[in-house]
Structures are given as C-alpha cells and as structure tokens.
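Colleague: Got a sequence here, can you build the structure:
(chains A and B)
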Protein chains: 2
Amino acid sequence: MHNDTKDSVGLVRTQTIQLKEKISLDCGTTFGPITVAYETYGRMNEAKSNVILVLHALSGSAHAAGYWTPEDKKPGWWDMMIGPGKALDTNLYCVICSNVLGGCYGTTGPSSINPNTQQPYAMSFPVISISDMVTVQKQLMDQLEIPGLLAIIGGSMGGMQVLEWAVNYPGYVKGAIPIASTARLSAQSIAFNEVGRRAIMADPKWNNGNYDPKDPPARGLEIARMVGHITYLSDESMQKKFGRRLKDTLQYSYDFDPEFEVESYLRYQGKSFVKRFDANAYLYITKAMDYFDIAMRTNGSLEELFKNVTSSFLVMAFSSDWLFPSYQSKAIAKALRTVNKEVTYVEIKSSLGHDAFLLEHQTITHVIKYYLKHLSDGNKK
Amino acid sequence: MHNDTKDSVGLVRTQTIQLKEKISLDCGTTFGPITVAYETYGRMNEAKSNVILVLHALSGSAHAAGYWTPEDKKPGWWDMMIGPGKALDTNLYCVICSNVLGGCYGTTGPSSINPNTQQPYAMSFPVISISDMVTVQKQLMDQLEIPGLLAIIGGSMGGMQVLEWAVNYPGYVKGAIPIASTARLSAQSIAFNEVGRRAIMADPKWNNGNYDPKDPPARGLEIARMVGHITYLSDESMQKKFGRRLKDTLQYSYDFDPEFEVESYLRYQGKSFVKRFDANAYLYITKAMDYFDIAMRTNGSLEELFKNVTSSFLVMAFSSDWLFPSYQSKAIAKALRTVNKEVTYVEIKSSLGHDAFLLEHQTITHVIKYYLKHLSDGNKK
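Modeller: Numbers count the residues shown, from 1 in each chain, chains lettered A, B, ... in the order given. Presented below is the predicted three-dimensional model:
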C-alpha cells in the first residue's frame, strides 16, 4: 500500500470524455470523434479559480499522480510534484492532467479504432501538431465548464503546450510554467527524432503501421527509446550513474552481448517502453514536436507573438539539459520581457540533464509553490 | 584532374603487405594471417628519421591523401592536412597511413575471407581492441624496416591509437599528437555505439553477421551512421548548417517523408555510408572503442601509466566537441604534466563539434607544423 501516505493523492482513476465537436487540425483536416482521457486531483473551489492543468511530455499519460490500485508499485509520472503539501498542492488546487491527442493512453491516437472502418487508424491518423493537442485540451476544459486556468505547467513537450496555451487563449490562463522546453525544436532534436522514427519504420514488423498490437515493431521502438533516453540524461549523469562499470564481471567478455551497465540499462529502458507505448504514437508525437516552432505565425518573432499574451510566466531550465538547452528557455524569457510581460526565469544547476524536470522536484518545488501562491493571492485581490 | 595542384600528393595507390607473424590479441586469441593495407606519401630520409604515422578514426581508411585515379572527385580523408607545404609536409616528412585491424578497407577484418573456411569471418572474427590495432601497425613498421617514428597523429579513435603507441612502445615514438580524443570512452559514447550496434543487429538482413555483401543490413547500418553523425556535429553547427529549413517546400507536408533539410542530410549520410562500409566492421570497431580505457592496466591511474612514456605530446581538443569533450583531452595533458612529461595542450574554439578534427585544418595546421619542426630540430642536434 502506497496510497495512504499523507502526501499522496491516494487512489485515482482515469476518466474519459467524448468531445462534442470535431477539431480543425493544423494540417487542414477536420477530425473526430475524439475521446480524451484525463485525471483530476484536489477539488475545484466555488469560484473555479484554482484549476491547474498539467501537460505531459512525449511518453507521458493522464496518470500524473496517485495510484490506480492499492497494488500499484509506481505512482503517476509526476507524483513527486502533485499531492497534499507538494508543489502542486491538492489541498489548495484542483490539478487536471489529460493524455495528448495522438497518444496511446486513452485519448484518441493512431492505435484507436477508426469508427468508419472498425480498424485502428494506424497511418491514416492525421499528422497533428502541438497546437492541435492544445485545441483538444481547451475543448476538454470547456466541457468540464472550467472558466479559466490558474496555471498551466509542463516540462519538455509539456512546455511547448504551455506556450501554445498562453498564446492561443490569452485571458484564459493566469500563469504559465514551461520547464526545460523551447519555442522551436532545434535541428539536433529533429535529427534525434528522425533516427527514432527511422528505426521504427525500418523494422519489418512495422508494416506501414499495420501491425498487430500484440506483435509490434518492438526492435525498432526499442532503438528509438534507447537513443531518446541518452538525450534525456547528460554526459555527467551517465558518468555518475554507470561510468564504465561492467554488469556481471570484472573482465571484458569479448563478445557482443551487453556487458557495460549502461548497455543493460538502455536495453531495459527500451524493452520496458515497448510494453507500454505504441510505435505509431511515437511517430506522430515526435513529428508534432518537430513541427513545433511557435513563432512561425509571426515570421519568427517571439516578441511579436507574445504581444497579446496576458499570462505571467515562470520559465525554468536546467544547466545540464543539452536536448532543450537553457539558452532556449532564456530566449523565451527574454522575448517576454522585451514586450513587457511578467516573467521570472530560473536556471537550476543540475547534472541530471533534460530528465531533471522529472527528478529535481526538491529544487523546483519551492520556486513553483511561491509562484503559484503569488498567482492565487492575485485572485483574492 | 585534381592531382596536379602543387599542394597535392597527386596520384597514390594503396599497398598491401602480409604480416609475417600472427598477433596475440587482448582477447587471448592468436590471430593470423593478417593483411595490412597502407599508403605512403613523401620520402623517407636516409636516417629514416622523418616518418609520421597517421591513425584513422572509426570509418577511415589507409587512403588519407591524394587521388587513386585522375577521375576521382574526392581525395583521401585528410588531404587538407597531408601534402607539400601542408601540416604534414610531404616535402619534409614521409607520411604513412594504414587501415586498422577489423576494418573493411584492405586490412583483415570481419568481411575478409577466412582461409580455413573460404568464407568471410563475419562474427567468427575475434573481438579486437585498440591496442590490437596498434600491435598490427607496429608489425607493419617493423616489416617496412622503420626504426622509429618522428610522430604519430590521429583524431578521435586515431587519438586512442596514438596513446596506445606512446604507452606500448616507449622509445619508438618521438612525438604523439592525439586530437579530439580520450583516455577512456565515456558511458555516453558507449551508449551511442550500442544504439548503432542494436540497429544493425536488429536488421533481419544482418542474419547473425552472415549476410551477402551485395545485400547487407543497409537499414540498420544507415541508422547507426545517422545517430553517429549527429554526435560528430554540434547543436550550434547543426543550427547553422540546417536550422529548421525545409528541403523542397515552404510548408509542412504533414506526412512522414523527410522534409527538414537535416533529415535529408542524415539519410543521405546513412545511405552513402552503406555503400562504403561493412556492417560487421562497424560492430567490431565500435566495440574496440568501447573497450578503450588505457589506464585499466594501471588501475585507472593515467599518471602511473604515463611514467614510462618517452614521447613528447601535443594534445588538441575542440570547444564544441561533446562526443569527446575537451575535459577528456585536458585529463590526458594534466596526467602527463604531473609525471613531468613534455606536453602542450591546445583547445581550439570551434563550433564544428567532434568533426572539427577533419574540418578545422586551417586552425590546427600551424600548431602541428610548429610542433613537428620542433621535433625535427631535435633530431638534428
């Protein structure tokens, strides 16, 4: 039993809702029906002014906190941040997290059944954007009759959604917290994503996306996850965590089995991922990230883009993050400041690389708590 | 015709030699027969005191300079460094480069025919080390009756060989120039190598190494090269070279064909590599790099290891190299200095990442020229 500790949200369940309307996607298609999976923690106040929306990263889900069953060994993916007394304090706030459009954890995605064909969409699923994900989230908020959000918060791809929210729905969002994120995906990150997609699509079992879910392109997805995982860590953290340690022996085995700890770790990460993630969803979500360049609509000017934004911002980055390096977060903060928006930029010294947003909860908790208190105090005035 | 410019070594040819003796490998096996492919540029002086051995990186060959035919469009891989008046001035020095053991450019490797079976060795080839490569090079030097080397020079894996040379054959080498290299491969680099190997071995065409050379595991090797290539560049150089530019259009295509320039570039690199490199050789050479930790024999102490070294050292690194970051070269220089060896450490500011050792020839030329002149002057005294 893990769910009875006093700082846990305890037992939770994922709810699903069908969106009432179809969605106009960036690619030009109108798409629906769409089911959205979401979880909520904490209670909405009467004024409905205490809602915080949590936005997940590439491989996340709506299950951000708590346990589905008393037997669960692991809580939701951001449990260290969400709960009574935690950064997103469920005694004070109502926290919502939904699975993104194109995902594989309950929200409609390429592995969902197309009602017109009774087959999975697979590669007939439309290519989506980060903005499309946010359009779906806004419909969810509307159907849940939430008049506005106290804050939106997310790391990595979650931070991209934070930016889309602040830009697309000014007035709806009070505080925006993009963490370890960027306003546009870099060439290097596109390149790593493309390697992952190539690995999946080169796997004969991928079969143009038409695979049996029980027999997926496991080897391809494993490789995609392995390379992704390297980019989530840092040279320093890998040195500390694994160094050149061998797994079982003190001597080189002189064969091609995994023998360094780092090799076994990556294989394990790859294999676990295959059990929990859909290969086509990986293609679609990484593509949405590649397309992310939020200032395209203002010809590359972040300043121009941010002019109509009404939220205040807390922008956070980690010193050893080389996937979304801190200069990218700094550029967001700088542009906001240039157009006189309220912004706090915090760069946290950490050796944990990009994954720090999932791990450095002790360091980021007090910054976020303080910022949210400041936002809520504003409500009361 | 490219070979008649006055700073080119002109037309060259790769020579092969069969080693007279079998080699004792680090894995415990005695292996032979071994053929070695090598090229020479410039002339040996009477005292045989002007020989420089060039050591190539992962995908290099003995063809370091000049042209094989007048029709060749590209010269050898380090042509900008080797020739009359260049850094390795063929008017002054006799430059030799040989293909490494385990390679696929003429020296015995997994794609060579095993005389006992008349089949390619494939995965029956013994697992080799960087030290084994150097053992083969030393036999080559002995058979060419070269009494000692003025200098040894190489970047990346070539730098690892430089260190092995200096440590294993003290007295034989006057000057050692490891560039963009390391004394031990990091966990992160092992991880990237393992991703590449997984990609090859997951390709059904790999077939446990027993593939038809005309129908190799192309998709796997392509992916391995793509991921490798990203590590050879830098965030900054990829930003400058590609940014987020699209290949053919101004608008997103909303499909999974390569559309960003960086994607096309990587695919092109992958596809070209398949035409020129053997997948099994990629497995063996990356494994040799993973095993490289030259101070293992002295329980991790570089200082202890370098005590008996007689060469002087010129250690070079590049500021944006994140595969073999400059702190790794600095550690080599520092250890040498601690045990009172003659060492110059030069860190070059460059945005070109690890590949800078192949590209920043204008910057490194004068440093190397000066160092070599200093070494030669020592000869005359």
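
Colleague: what's the closest non-adjacent residue to residue A:359?
Modeller: The shortest distance from residue A:359 to any residue that is not its chain neighbour, by Cβ to Cβ, 6 or more residues apart in numbering or on different chains, is 5.1 Å, and that residue is residue A:352. Where C-beta positions appear, they are placed from N, C-alpha and C, glycine not excepted.

Colleague: does that neighbour really touch residue A:233, like I thought?
Modeller: Yes. With contacts defined as Cβ atoms under 8 Å, residue A:352 counts as touching residue A:233 at a distance of 7.5 Å.

Colleague: and the two? which has more neighbours close in?
Modeller: Set side by side, residue A:352 and residue A:233 show more neighbours around residue A:233, with 28 against 23, by other Cβ atoms under 10 Å in any protein chain shown.

Colleague: can you give me the strands in chain A?
Modeller: Read by DSSP state E, chain A holds these strands, from start to end of the chain: A:15-18, A:23-24, A:30-31, A:35-41, A:51-55, A:82-83, A:88-89, A:94-98, A:113-114, A:119-120, A:149-155, A:173-179, A:312-318, A:343-348.

Colleague: what's next to the fourth one, contact-wise?
Modeller: Same thing as strand A:35-41. Applying Cβ atoms under 8 Å, 6 or more residues apart in numbering or on different chains, the contact partners of strand A:35-41 are A:9, A:12-19, A:61-66, A:76, A:82-83, A:88, A:90, A:94-99, A:101, A:105-108, A:112, A:136-137, A:139-140.

Colleague: Just give the nearest non-adjacent residue to the spatially most central residue of chain A, would you?
Modeller: Central residue check for chain A by Cα atoms, centre = their mean: the C-alpha nearest the mean position is that of residue A:57, 1.5 Å away. The shortest distance from residue A:57 to any residue other than its chain neighbours is 3.9 Å, reached at residue A:156 (Cβ to Cβ, 6+ apart).

Colleague: ok, now residue A:78?
Modeller: Using Cβ to Cβ, 6+ apart and skipping residues adjacent in sequence, the residue nearest residue A:78 is residue A:64, 4.6 Å away.

Colleague: ok, back up a step: for the residue nearest to residue A:57, give me the pLDDT.
Modeller: Residue A:156 is assigned 98 on the pLDDT scale.

Colleague: Also the one 4 residues further on?
Modeller: With respect to pLDDT, residue A:160 has a value of 98.

Colleague: Please apply the same query to residue A:143.
Modeller: According to the model's per-residue confidence, residue A:143 sits at a pLDDT of 98.

Colleague: Check residue A:255 too.
Modeller: In the predicted model, residue A:255 carries a pLDDT score of 95.

Colleague: thinking it is in contact with residue B:126, fair?
Modeller: No. When contacts are counted by Cβ under 8 Å, residue A:255 is not listed as touching residue B:126 (10.1 Å).

Colleague: Those two - which one has more neighbours?
Modeller: Taking neighbours as other Cβ under 10 Å, residue A:255 and residue B:126 compare with residue B:126 leading, 20 against 10.

Colleague: wouldn't that one be in contact with residue B:23 here?
Modeller: No. Counting by Cβ under 8 Å, residue B:23 is not a contact partner of residue B:126; they are 9.7 Å apart.

Colleague: Now the common contact residues for these two.
Modeller: Residues within reach of residue B:126 and of residue B:23 at once, by Cβ under 8 Å, 6+ apart, are residue B:31.

Colleague: State the number of residues packed around residue A:367.
Modeller: Residues lying near residue A:367 (other Cβ under 10 Å) number 16.

Colleague: so what's the closest residue to it other than its chain neighbours up against?
Modeller: Across the structure, with Cβ to Cβ, 6+ apart as the measure, the residue nearest residue A:367 apart from its sequence neighbours is residue A:346 (5.5 Å). Under the criterion of Cβ under 8 Å, 6+ apart, the neighbours of residue A:346 are A:314-317, A:367.
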